[in-house]
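In: Okay, structure incoming, though there's no sequence with it:
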C-alpha cells in the first residue's frame, strides 16, 4: 500500500498545544542511565492550571553510585537490594542461583509492569497518588509531622539549589517520590536479568566455532543498538518523560522528535528491548530467550493498558466528559456574546432539516467486509467468499486427510497460491494502472448504467476477495507442507515461536495500516476520487499525512506486509512456503514501483516523501558516526520545512492491542469464578455483619426516598390510584434520591443501584454495582480523586434536623446497668440525634442503562454493609411520540410526532441523555441550610450540572466523530427500546466515523420501520 498514508487528517492535540507532548508519553519507559539535567528552565502546569518553574533534576546513576555524593534512605535501600543479586551470583551453587535469580527477575518485572502500571493507571484515572498524599498530609508541613520532615530532607538531598520543597506544587513532589520507586524497581529488574544471563553463559552447544562467533557477534550488535536507542531516546525526551512525568503534570516544551522516534513506534518498548535478545544470543540459552520474550510481552501489555489510554486522553482525544463540558461552556459563551434579537435557533431544530442534509449512501450503514471484519451472514458477497474459500481450501484439506495424498494436494495448493498472488498483484495492478490513466473501471460502470460509487464498491469487494484467497491459499500450502519428523525439540519450539511472532507482527502492522488509512485508503480510493464530493467514503480533505505506521515506513505493506507468510514458512519448515512469500514480496515491489508510486506522484506531487523515517535516521547516524556527510539530503524535512513532533503523532495502538485482546477470555473466566464464589463469601460475611452494624450509632436514622421522575411529573392524574408512576423512570433519565444519615456518619457512605433480584441478603450487598454508585456526602479526602466528568460525587447536604431517639435512650439505660454491673460506669444518652438530610443525583455512567426493576442500597463507609434500602423502582421506556415531552428540557412539540422531524427530535433527546455528563464542582460552605436549628459549618458542597452535547438534529450523533464501543451499545439499545429498530454497535460506530447526523439516523429508523411494518403481526 505504498504511499497511501495520507488520508487521515491530523486532529488538534487535546490540550490545545502543538508542543512535543503529543510524543512525549510515547517515549517513556524506564529509568535512564544518562545525564538527565534539563537543558533549560521549563514551565510546568498541574491539572488545576497552576503554573510553576520546573526545577532541574540530577542524574540518577551518579547520585546513586558516586561515593562522593551523599546517600538518602532511598539510595541505601536501592543499593542493598542490588547487592543481594551480586551475593547470590557469587556464593550460591549454579542450580540454586539460576532458580533464585529467575524468581527475582520475575518478581521485579511484575513489580514494574504490574505494580508501577497499577500506580500509573490509578494516577491517570483518579489522580490517585497525589490524592493519597493530600489525604494523609505527608507533604503538608502543618499535617505531615515527622514523615513530612523526612520526605522533605530526602527530596532536597536529591535536588539542586533551584528546588524548594514548599515552592513547587504537590504534584511535582509526588512525582519525585515516585521516581525513587521507579529507580528501585527498574534497577533491580535490570540487575536480576544481567546476573541471570551470566549464569547461562557457556550453556550453548555450538557445532562449529564460527557458529559461536556469529551468535556472540550478533548479540553484541543488538546490545550496542539497544544502548544507542536508550541514549538517543533520552536525548529527546529528557528526564520528564523518562519517569512518566505527564501522569502528574504537563510542561510547556517544544521538542523535535527525530532519531530513534522516526524508526519505530514506542521505541523504548519495541526496539528498545533488542538487548534482551542480544543477551539470549550471547548465552545461547532457550531459557533466557523465553524469559526475555515473556518480559517483552509484559511490556507491551503495560503499554496497551497503561500508557496508550493515558496518551490518547491527554494528547489525542480527550475523554467524552471533557469534550462535552468544553463544548457546553463554549456554547454558553457564544450565546452570551450573540445578538439577543436573533432567535431562530429553535426553528432550525424543528424544521427544514431534511433538505439541508445530503443523502447518505448504503455503505455508511452497512460497512464493507475487511478481510473477515464486518462479516454478514446474510450478505450475498460475504457468503460467496466463504463458499469460494471452502471449495479452494476446505475440500483439498479434507481430501488430503481422508486419502493421504499429501504431495498431490501440495502441488495443487502451490499452483493455486501462485495464481492468487499473480491475480492480487499483477492483474489488479493492471486494472489500477488503467484506472489511474484512463478511469477504466469507472468508465465501464458508467457505460453499463452504473456510476462511480458502484464502481468503487465493486472494486472493494474484488480487492478484499483477492486478499482473503491469498491468505487462505498460503495457509493451505503451509498445512500441506508441514513436517518436522525427528527434528530437535528445542528447534521445533523456537521456530514455532518465531513464526507466531511474525504472524502477530503482521496482524499488528495490517491493523495499523488500516487504522491510519481507513476504508478509503485501504482500497486505493484515490484511484477513483480526487475530492470528497466524488465518493461517500472519501475524507473531507484528501492530502498526504505521514501519521501512524507511515511515520516510520513509506510503504509498510511492501516492506513488512508479508511477515505472516515468512512466519508460516518457519512453522511449516517449508522452502516452498518461503519461496511463495518471496514471490509475493517481489510482486508487491513491482506493484509499488509501476502502479502506486507513479499515481501518488501524479496526484500529490512534492507532497510525496522520498525517504522514510527509518532511512533518515540511519543516514544521520552514519553521518554522525563517520564525522562527515556521507549521505546528503537526509535531513528530516517535508516540503522544505523541518518536521516537528506536533506534525506526526504515532498511532497509540500496536501489537499490545493484539496481545490485550487475548486477555478477554481469561477475564471472563475470572469474572465467572468470582461470581460462583461470591455467594459463599457473602454468607460468611453476613454472619459477622450484625456485630459490625451494632457498632454504628443511630442505625435507625439512615434512610432513602426516591424523588418522582418525569413519569409522575407529566402524569395526567396525580391521584393515589396513579401512584405507581412515582416509581417509574425512563431510560437515560437522571434519578434523584433523598437520603438521611446521622451527623457522625462516615463520609465514605455510598448508594448503589442493583437489580432487585441480584442480592439475596438485605444486610450485605453481594454483587458489584458496576459503577452505578454515588457518594452521599463526600469530604475533601474523597474529592481529591475527583476528575472532570465524575458522576460519583453527586451527593450533597441540604441541612440538619434534631430528632429524639427513644430507642437510644432505652438502650442507653440498659447499657448503663450492664456496665455498672461490670464496674464501668457509662454516660446516659441524651436521646437527641442530629440528622443530616441531603440529595444524591444518579446520571451519566452512574445510571444503569437497561430496562428492568431496581433498588437502591445505602452502604456504610466504603463497605458493602447495607444501612438502608429504597423501594423498588422501574426503568422503562415511553412512546416515541412522548420522548421530547417526557425527557426534553424544552416543551417542544413536533407538527408530525410520527414523521421524520418529530422522530429526529425524539432521537436527539435520547442521544443527549446517552452522551450527557456530570459537570461537578466543589463549593466551600460556611453554613449550610438548616431545617430546624443546628447547622453544618465549614463543610464542602458539590454542585452538579447535567451537560448535554448536541443542539440540533443536524449535529453528528457522536462527539468529534468518535463513538466508542460502550456508547454505541447504549445507543443501539436505546434505539431498540424506544423506536423498535435494532442497530448493531459496529454499524453505529462506522456511521459516526463518517459524520452521520442525528437526522441521518432518524431517517434510517423511519426506513427500517417501514420495511418491518409491512409484515408485522398487526397487519395479519
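Out: Sure, I can see it. Just so it is clear, the structure is predicted and the values come from calculations on it, not from any experiment. Residues are numbered from 1 along each chain as shown.
In: In the stretch 851-1000 of the chain, where is pLDDT below threshold?
Out: The stretch 851-1000 of the chain contains residues with pLDDT under 70 at 888-898, 925-938.
In: can you give me the helices for it?
Out: Using DSSP state H, counting those that start in this stretch, the helices of the stretch 851-1000 of the chain run over 883-887, 900-915, 965-979, 985-993, 998-1013.
In: Hey, what's the angle from the second one to helix 965-979? Just curious.
Out: In terms of direction (axes from the mean of the first three to the mean of the last three Cα atoms, to 10 degrees), helix 900-915 departs from helix 965-979 by 140 degrees.
In: tell me, how many neighbours does residue 871 end up with?
Out: 11 (other Cβ atoms under 10 Å). To be clear about C-beta, it is placed using only N, CA and C from the backbone, and glycine gets the same treatment.
In: returning to that earlier point: now, of the helices of the stretch 851-1000 of the chain, which is deepest in the fold?
Out: Stretch with highest mean neighbour count among the helices of the stretch 851-1000 of the chain: helix 900-915 (a mean of 24; mean count of other Cβ atoms under 10 Å).
In: which helices and strands sit right next to that helix?
Out: Secondary-structure packing of helix 900-915 (3 or more Cβ pairs under 8 Å, 6 or more residues apart in numbering; DSSP states H and E): helix 345-350, helix 883-887, helix 965-979, helix 998-1013.
In: Quick one: closest of the ones you listed to residue 250.
Out: In terms of Cβ to Cβ, the element of those nearest to residue 250 is helix 965-979, at 27.0 Å.
In: And the residue nearest the centre of the chain, how far from residue 770?
Out: With distances taken as Cα atoms, centre = their mean, residue 309 lies nearest the centre of the chain, 3.9 Å away. Separation of residue 309 from residue 770 (Cβ to Cβ, to the nearest Å) stands at 19 Å.
In: next one: residue 55
Out: Taking Cβ to Cβ, one finds residue 55 at 43 Å from residue 770.
In: Please apply the same query to residue 950.
Out: 26 Å.
In: neighbour count winner among those two?
Out: residue 950 (21 against 11).
In: List the buried residues for the strand or helix carrying residue 228?
Out: Per DSSP states H and E, residue 228 falls inside helix 209-242. Within helix 209-242, the residues that count as buried by 16 or more other Cβ atoms under 10 Å are 212, 215-216, 219, 222-223, 225-226, 229-230, 232-234, 236-242.
In: Report all helices and strands that that helix contacts.
Out: Checking 3+ Cβ pairs under 8 Å, 6+ apart, helix 209-242 ends up next to helix 21-24, helix 274-283.
In: Turn those into TSV, columns for mean pLDDT.
Out: Conversion of these to TSV gives the following (pLDDT from 0 to 100):
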stretch	mean pLDDT
helix 21-24	34
helix 274-283	90
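In: Buried deepest among the ones you listed, which one?
Out: Most buried among these, counting by mean count of other Cβ under 10 Å: helix 21-24, with a mean of 26.
In: after that helix, next one along is what?
Out: Immediately after helix 21-24, counting by DSSP H and E, sits strand 42-45.
In: quick one: strands adjacent to that following strand?
Out: strand 51-54 (antiparallel), strand 250-252 (antiparallel) (DSSP bridges).
In: Just the mean pLDDT for it, thanks.
Out: Mean per-residue pLDDT for strand 42-45: 87.
In: and that strand, how far from the chain's centre?
Out: Taking Cα atoms, centre = their mean, to the nearest Å, the mean C-alpha location of strand 42-45 is offset from the chain mean by 27 Å.
In: buried residues in that strand?
Out: Neighbour-count burial for strand 42-45 [16+ other Cβ under 10 Å]: 42, 44, 45.
In: and these as TSV, adding distance to residue 104?
Out: Below are these laid out as TSV (distance: Cβ to Cβ, whole Å):
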residue	distance to residue 104
42	37
44	36
45	40
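In: For residue 452, which non-adjacent residue is spatially closest?
Out: residue 442 (5.1 Å; Cβ to Cβ, 6 or more residues apart in numbering).
In: now residue 434
Out: residue 440 (3.8 Å).
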